[in-house]
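> Give me a model of this one.
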Amino acid sequence: MPLLGDDLHWGTYFGSNYFPNGIFLKYDGRYLGDFLVILLTKIRPVAFIAYGTFVTAIVYLIQKIRDQIATPKSLGLVSSTLMATFLLIMPKTIFKQTLGWHSGFSNYVTSAIFPLLMLFLILKNYDNKEVHYYRTSVILIFIGSIAAQFFAEHITVLNVINGILIWIFLRKHFGKRFQKILKLTIAGNIIGAFLMFINKAYITVLTGKDSYRSLDSKNSGNMIHYFETMDQKKLILLLGALLIFTIAIILYTLKLKNKKQKIANFALLWSGYVAVLPFAVVSPFGSRCTFATYLFLIAIVIINFDLLLSAYEKFILPIVTIISLALGLRMDLISHDYHKTFNMQIQYSLYQNSLKRNTQYFPQYKNTDYIWATSPIQSDTNFAELYVTNKNRQMLPISYNDWTSIANKLNKKHIKNPTNYMKKFDKEVIQKENN
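Next up is the predicted model:
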């Protein structure tokens with residue numbers, strides 16, 4: 001995916017100075033999320049590996065949670081494959097701010113992993129006091145419980161609340177060994193939350209001196225205001241659907257005899273709503289903030305669907321696998337096109353900086369359905385700060401069809417010299433724009 005908005009600064013001077021100059025001490029407490037976005041924006045292979053690793057971790061944990069409820073009758077990959085499918089078809093408003101934006105991915109996607117891991121461990125140890133953990137595993141879980149708190153504030157709070165509730169209501173169902181692990185996990189979550197929220201940024205927020213973030217139920221940037229600005233019919237449909245879904249899941253779950261399935265359903269439902277609740281007073285709120293909610297609620301549907309139709313797994317799995325692979329291939333093609341456009345925007349802007357004229361042209365994306373482009377590239381001040389020398393020029397867009405037709409024409413001529421290529425590209429652009 002291209003670098004957009006904040007990504008451009010994370011990948012250049014701001015990211016390079018963020019930790020060495022102590023900016024992180026007063027920016028926010030997302031220490032690991034910020035470190036990750038710096039890596040993603042600076043080192044392309046790391047971005048490729050990270051996207052694959054963290055998304056795979058999510059779909060893997062969904063499958064492991066389902067397997068703890070009931071042993072699969074065959075291969076047992078329906079839940080994970082369905083989760084991969086639903087991630088690829090999630091609402092575009094959520095997709096573009098998470099999987100389509102490095103800054104969103106580094107904080108909102110990664111943070112959702114630990115609640116799923118905890119749910120898996122709870123189900124694995126529920127009424128099973130014979131589970132053995134090596135010292136290395138215990139240490140890693142403790143370190144992970146601290147590290148999990150350095151990605152997104154709302155999930156940091158959720159982890160602390162969930163840990164305490166698990167101890168209060170479920171500890172008697174665990175063996176002494178896991179009770180010790182649970183104590184360490186809760187302690188790690190609290191330590192991590194403390195280290196996050198002692199950051200000077202949150203003091204600024206609490207005192208109302210932060211220009212971007214605030215803690216006020218009347219603020220225009222929170223979730224309540226977001227709903228107020230929505231189309232009323234869409235809002236009613238959304239809230240109605242959530243209400244019906246919630247009631248249906250509660251009634252269905254209460255009738256279940258499988259205790260682990262009950263725990264999973266209620267835990268995911270609870271976490272889905274608690275994760276988004278802080279944004280009723282916290283701003284800014286964006287669709288990225290609902291990623292965890294989407295993930296947890298969809299996980300309920302997927303896991304119960306898989307369990308309900310487990311007898312037909314060998315027929316369902318091939319179908320959903322084909323669908324998932326097709327959607328994945330489609331997204332690869334879309335991502336490649338975004339990347340190609342972004343590279344052309346940079347190369348062409350750098351070439352135009354050496355020319356003496358009053359205009360500067362900017363190749364457009366085919367669409368911005370899956371990327372978080374807050375403004376057209378010709379109006380993007382972040383992009384201009386890095387790649388446009390003369391800010392007083394008239395900034396003009398070149399339509400996707402126009403610039404790609406020119407590029408395809410020149411590619412057939414196999415022009416090896418980059419400068420000559422850009423010279424001919426620029427000439428064609430001016431001719432097309434003047435016609």
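
> Just give the number of residues close to the residue lying closest to T93 once chain neighbours are set aside.
Nearest residue to T93, sequence neighbours excluded (Cβ to Cβ, 6 or more residues apart in numbering): S287, at 4.1 Å. Every residue, glycine included, has its C-beta placed from N, CA and C. The local packing of S287 (other Cβ atoms under 10 Å) involves 20 other residues.

> just checking, S287 touches Q97?
Yes - between S287 and Q97 a contact is recorded at 5.3 Å, counting by Cβ atoms under 8 Å.

> As a check, name the ranges of all strands in the stretch 151-300 of the chain.
Using DSSP state E, counting those that start in this stretch, the strands of the stretch 151-300 of the chain run over 214-215, 282-283.

> Quickly run through the sheet partners of the last one, with directions.
Strand 282-283 pairs in its sheet with strand 214-215 (antiparallel), by DSSP bridges.

> what does the partner strand rub up against?
For strand 214-215, contacts defined as Cβ atoms under 8 Å, 6 or more residues apart in numbering pick out 205-206, 208, 221, 281-283.

> could you redo the last one with a cut-off of 10 Å?
The contact list for strand 214-215, computed with Cβ atoms under 10 Å, 6 or more residues apart in numbering, reads 202, 205-208, 220-222, 278, 281-284.

> For P91, state which of those is nearest.
Closest approach between the contacts of strand 214-215 and P91, by Cβ to Cβ: P284, at 18.5 Å.

> so what does the helix or strand where N420 lies touch, helix or strand wise?
Here N420 sits within helix 418-434, counting by DSSP states H and E. Here helix 418-434 touches helix 313-352, strand 359-363, strand 394-398, helix 400-411, going by 3 or more Cβ pairs under 10 Å, 6 or more residues apart in numbering; DSSP states H and E.

> Okay, buried residues for the longest one please.
In this case it means helix 313-352. Residues 313, 316-317, 320-321, 323-324, 327, 331, 334-335, 338, 340-342, 344-349, 351-352 are the ones in helix 313-352 that count as buried (16 or more other Cβ atoms under 10 Å).

> re the thing from before, can you tell me which of the helices and strands packed on helix 418-434 is nearest to S16?
helix 313-352 (18.2 Å).

> Report the distance from stretch 272-279 to the chain centre.
On the basis of Cα atoms, centre = their mean, to the nearest Å, stretch 272-279 sits 16 Å off its chain's mean C-alpha point.

> Which of the residues in that stretch are classified as buried?
272, 274-276, 278-279.

> Near A84, how many other residues are there?
If you count neighbours by other Cβ under 10 Å, A84 ends up with 23.

> Verify the contact between it and I62 for me.
Yes - in this structure, A84 is within contact of I62 by Cβ atoms under 10 Å, at 9.2 Å.

> if we can go back for a sec, reformat the helices and strands packed on helix 418-434 as CSV; add mean pLDDT and distance to F383.
Formatted as CSV, the helices and strands packed on helix 418-434 follow (pLDDT from 0 to 100; distance: least, Cβ to Cβ, whole Å):
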stretch, mean pLDDT, distance to F383
helix 313-352, 96, 7
strand 359-363, 96, 8
strand 394-398, 95, 10
helix 400-411, 95, 16
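
> and T41, what element?
Assigned by DSSP H and E, T41 falls in helix 31-42.

> Packing partners of that helix?
helix 6-10, helix 13-18, helix 24-27, helix 44-69, helix 102-104, helix 135-147, helix 176-197.

> out of those, deepest packed?
Of all those, helix 102-104 has the most neighbours on average by mean count of other Cβ atoms under 10 Å, namely a mean of 27.

> Tell me which residues are up against it.
With Cβ under 10 Å, 6+ apart as the test, helix 102-104 has contacts from 1-11, 30, 33-34, 36-41, 47, 50-51, 94-98, 152, 286-289, 291, 372.
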